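Student: Structure, please.
(chains A and B)
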Amino acid sequence: MGSVTLQFLQQIVNGLSLGSIYALIALGYTMVYGIIKLINFAHGDIMMVGAYVGWFATTTLHLSFLPALVLAMMASAILGVLIERIAYKPLRNVIRIASLITAIGVSLFLEYGGMLLVTPQVRTYPPVFPDTIYNIGGIIVKYGDIVMIVTSIILMVLLHVIVQYTKIGKAMRAVSFDTEAALLMGINVNNTISATFAIGSGLAAAAGVLMGVYFNTIDPLMGIIPGLKAFVAAVLGGIGIIPGAMVGGVFLGLTESLVSGLGWSTWRDAVAFLILILVLIVKPSGLFGKNIREKV
Amino acid sequence: MGKWMNRQSLVTILGVLLIYGIVQGSIFMDVMPPFVALTLIQICIYVILSSSLNLINGITGQFSIGHAGFMAIGGYFAAIVIVKFHGPLVLALLVGAIVSAVAGFLIGLPTLRLNGDYLAIATLGLGEIVRIIFLNTEYVGGASGFSVPKTINWTWAFGLTVLSILVMRNFINSTHGRACISVRENEIAADAMGINTTKYKIIAFTLGAFFAGLAGGIYANYMYIIQPMTFSFLKSFDILVMVVLGGLGSLTGSIVGAIVMTVASAALAGLPEWRLVITAVLLVAMMIFRPTGLLGTKEFSLSFLGKKGDKNAASKN
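Tutor: Residues are numbered from 1 along each chain as shown, chains lettered A, B, ... in the order given. The predicted structure follows:
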């Protein structure tokens, strides 16, 4: 194989790992948007909190990867529900912009409140995985890559099962389709929305722990850029559509890796936003979305 | 405007002159601490920024959160004129503002078709793209920043602020401004009444970008150095907080919001983390308890000083 092809395949592997993180975060965005039509700007910061809980669990409590992951997911799920109850719920029927501004406020609060709590200092994740490196025909695959991709796939399958085959999943789909009708059918809308936040935040926390493990360092502002990019991924796939978020996340991860691989890594963030704007202008409903005509 | 020189505008003019005179006097007498002088110039810059963002977000109802991007364009282009071409300050500020307005026009043309959340996120993305472009341009110093001589003084900053506010006030009270308000109130109804909504959205966006560029130019020529990091979306959020605090749709509200937030952040300068935590809590609490901001869409005026001073027309919407 030529070195260019090899490089290309190497970037595909890196892109898949990165993309699976984006996909996990994007799922939370898309679920929340699907159910209450709110861009939860704080979502990336919930991921950051998850990463810190994971760090705390592995360093102070000396837990191994899986228990730390579960602990982080649970803590973030609770945080997500609390944020929804305190900040978003009172604004559910007010103008949309108000809740958008609130989301920005919550995001700033988590970032800088987090900074006060854990100091702005960068923390190093302990080596949770062995440093094993697999060399498959010249392509380097780290143990971390495999764990990341496998964990993401397991979580996504789990999410799919919850959304499609459980009672709460059915309720979530119903509320997302028509909140008032769902309410009339006896669905507890408040609990369903809380469940959505809990699941979305849990997935974000998983992404946070994976990111900490993969990149080794975490800091209180780590959630901003991945959060924004995951939002791009969600829009790309069609916001509110769960498979769309997965595809969008992986697509964005791959694009970014290829752009970095070509030596333009400083333009990486700009490319992500450019994709966002192009998608919004050409097909705002995203790859998987249907166009809905606006009625008076 | 037959009653151009009524008592109310006289009082306003006198007030403006008084503020200018006191500050200029104390600078002249050398009794003004440098920190206070810096804060006063910052207030001027933020007043222009917040009122121009209000033109887009409050008056026209198009939710933009990429204002720092336009500020960056204005700042960098003004700096290029001064540093690379040794042009005069007026030309530099004008070039910065015009380039920013052109950018606003070109960006607004496709993105203003989007609404609500999508427009917000698109403008956020555009603001970041602008920042990354400057970050990667070695001609303007890249990440390390661009040094600019300090040529702005209090007279310039204050004069330009008053001028900007005057232009924006007149715009809001004009036919065009009314059309913009109608777009905010109900776009479909405005369309049905024969108002070219796209045109007015773009006018407001371009004008907002123009003044943001002007503010960026003032900033660049006062701060000695501009860095791409300054113009991140946190700056856009700062401006947004001022607009929201003062009241979306109230020009005087934006002025009050800018003054309050700048003074508050100057007071909390030693505790930068606390500053943003307080901002955040304020923002959330504000939205929950008083989503219209301090003034709502009303205008603060000194009409009670005049004899039955006729109310500012913009407060009746």
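
Student: Report the distance from stretch B:208-227 to the chain centre.
Tutor: Computed by Cα atoms, centre = their mean, to the nearest Å, the separation of stretch B:208-227 from the middle of its chain amounts to 11 Å.

Student: Could you check how far the nearest residue to residue B:69 once chain neighbours are set aside is from residue A:52?
Tutor: Leaving aside its chain neighbours, residue B:69 sits nearest to residue B:127 (3.3 Å; criterion: Cβ to Cβ, 6 or more residues apart in numbering or on different chains). C-beta coordinates here come from the backbone N, C-alpha and C atoms, glycine included. Using Cβ to Cβ, to the nearest Å, residue B:127 is found at 28 Å from residue A:52.

Student: Ok, residue A:157 next?
Tutor: From residue A:157 over to residue A:52 the distance is 27 Å, taken as Cβ to Cβ.

Student: Would you mind telling me which of these two has more residues around it?
Tutor: Taking other Cβ atoms under 10 Å in any protein chain shown, residue A:157 and residue A:52 do not tie; residue A:52 has more neighbours (25 against 10).

Student: Remind me what the host helix or strand of the more buried one packs against, helices and strands.
Tutor: With secondary structure defined by DSSP states H and E, residue A:52 is part of helix A:43-59. In terms of contacts (3 or more Cβ pairs under 8 Å, 6 or more residues apart in numbering or on different chains; DSSP states H and E), helix A:43-59 is packed against helix A:3-36, helix A:65-83, helix A:96-118, helix A:189-215, strand A:217-218, helix A:224-237.

Student: Going by neighbour count, which residues in it are buried?
Tutor: A:43-58 (16 or more other Cβ atoms under 10 Å in any protein chain shown).

Student: can you check stretch B:27-46 too?
Tutor: So, applying 16+ other Cβ under 10 Å, buried residues of stretch B:27-46: B:27, B:32, B:39, B:40, B:41, B:42, B:43, B:44, B:45, B:46.

Student: quick one, what contacts the fourth one?
Tutor: What it means is residue B:40. The contact partners of residue B:40, taken as Cβ atoms under 8 Å, 6 or more residues apart in numbering or on different chains, are B:23, B:154, B:157.

Student: So for the last one, what's the pLDDT?
Tutor: If I follow you right, that is residue B:157. pLDDT for residue B:157: 91.

Student: That one and residue B:220, how far apart?
Tutor: 12 Å.

Student: Who has more neighbours out of the two?
Tutor: It is residue B:220, of residue B:157 and residue B:220, that has more neighbours when counted by other Cβ under 10 Å, with 31 against 23.

Student: For the more buried one, which residues are in contact?
Tutor: Contact partners of residue B:220, counting by Cβ under 8 Å, 6+ apart, are B:74, B:75, B:76, B:78, B:79, B:96, B:146, B:148, B:226.

Student: where in the chain is pLDDT low?
Tutor: Here I'm looking at chain A. In the predicted model, chain A carries pLDDT under 70 at residues A:1, A:291-296.

Student: Not quite, go with chain B.
Tutor: Along chain B, the model assigns pLDDT under 70 to residues B:1-5, B:301-317.

Student: need the residues of the stretch 1-150 of chain B near chain A, please.
Tutor: Neighbours of chain A within the stretch 1-150 of chain B, by Cβ under 8 Å from any Cβ of the partner chain: B:63, B:65, B:110-111, B:113-114, B:116-118, B:120-122, B:124-126, B:128-129, B:132-133, B:135-136.

Student: If any of those residues are buried, put those into a PyMOL selection.
Tutor: Applying 16+ other Cβ under 10 Å to the residues of the stretch 1-150 of chain B next to chain A, the buried members can be selected in PyMOL as follows:
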select buried, chain B and resi 63+65+111+114+116+117+118+120+121+122+124+125+126+128+129+132+133+135
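
Student: Of the residues of the stretch 1-150 of chain B next to chain A, which belong to helices?
Tutor: B:110-111, B:117-118, B:120-122, B:124-126, B:128-129, B:132-133, B:135 (DSSP state H).

Student: in the stretch 51-200 of chain B, which spans are helices?
Tutor: For the stretch 51-200 of chain B, the helices defined by DSSP state H, counting those that start in this stretch occupy B:67-85, B:89-111, B:117-135, B:154-173, B:175-185, B:187-192, B:197-220.

Student: okay, the angle between the longest one and helix B:154-173?
Tutor: Which is helix B:197-220. Helix B:197-220 runs at 170 degrees relative to helix B:154-173, counting by axes from the mean of the first three to the mean of the last three Cα atoms, to 10 degrees.

Student: So in that sheet, which strands flank the helix or strand following helix B:197-220, and in what orientation?
Tutor: The first helix or strand that comes after helix B:197-220 along the chain, using DSSP H and E, is strand B:225-226. Neighbouring strands of strand B:225-226 in its sheet, by DSSP bridges, are strand B:146-147 (antiparallel).

Student: Residue B:38: which element?
Tutor: With elements taken from DSSP H and E, the one containing residue B:38 is helix B:34-54.

Student: Report the distance from that helix to the chain centre.
Tutor: Relative to the mean C-alpha coordinate of its chain, helix B:34-54 is positioned 9 Å out (Cα atoms, centre = their mean).

Student: Name the nearest residue to the residue in the stretch 101-250 of chain B that chain A sits nearest to, sequence neighbours excluded.
Tutor: At 3.6 Å from chain A, residue B:125 is the closest residue in the stretch 101-250 of chain B, using Cβ to the nearest Cβ. Leaving aside its chain neighbours, residue B:125 sits nearest to residue A:273 (3.6 Å; criterion: Cβ to Cβ, 6+ apart).

Student: Would you mind putting the helices of the stretch 51-200 of chain B into JSON lines with distance to residue A:283 alongside?
Tutor: Putting the helices of the stretch 51-200 of chain B into JSON lines (distance: least, Cβ to Cβ, whole Å) gives the following:
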{"stretch": "helix B:67-85", "distance to residue A:283": "24"}
{"stretch": "helix B:89-111", "distance to residue A:283": "13"}
{"stretch": "helix B:117-135", "distance to residue A:283": "12"}
{"stretch": "helix B:154-173", "distance to residue A:283": "35"}
{"stretch": "helix B:175-185", "distance to residue A:283": "25"}
{"stretch": "helix B:187-192", "distance to residue A:283": "22"}
{"stretch": "helix B:197-220", "distance to residue A:283": "20"}
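
Student: mind checking which of these is nearest residue A:137?
Tutor: helix B:117-135 (35.5 Å; Cβ to Cβ).

Student: list the helices and strands that closest one packs on?
Tutor: When contacts are defined as 3+ Cβ pairs under 8 Å, 6+ apart, helix B:117-135 packs onto helix A:96-118, helix A:224-237, helix A:268-282, helix B:67-85, helix B:89-111, helix B:233-246.

Student: ok, now with 10 Å
Tutor: On a contact count with 3 or more Cβ pairs under 10 Å, 6 or more residues apart in numbering or on different chains; DSSP states H and E, helix B:117-135 meets helix A:96-118, helix A:224-237, helix A:268-282, helix B:67-85, helix B:89-111, helix B:197-220, helix B:233-246.

Student: Identify whichever of those helices lies nearest to residue B:8.
Tutor: Taking the helices and strands packed on helix B:117-135 one by one with Cβ to Cβ, helix B:233-246 is closest: 20.3 Å.
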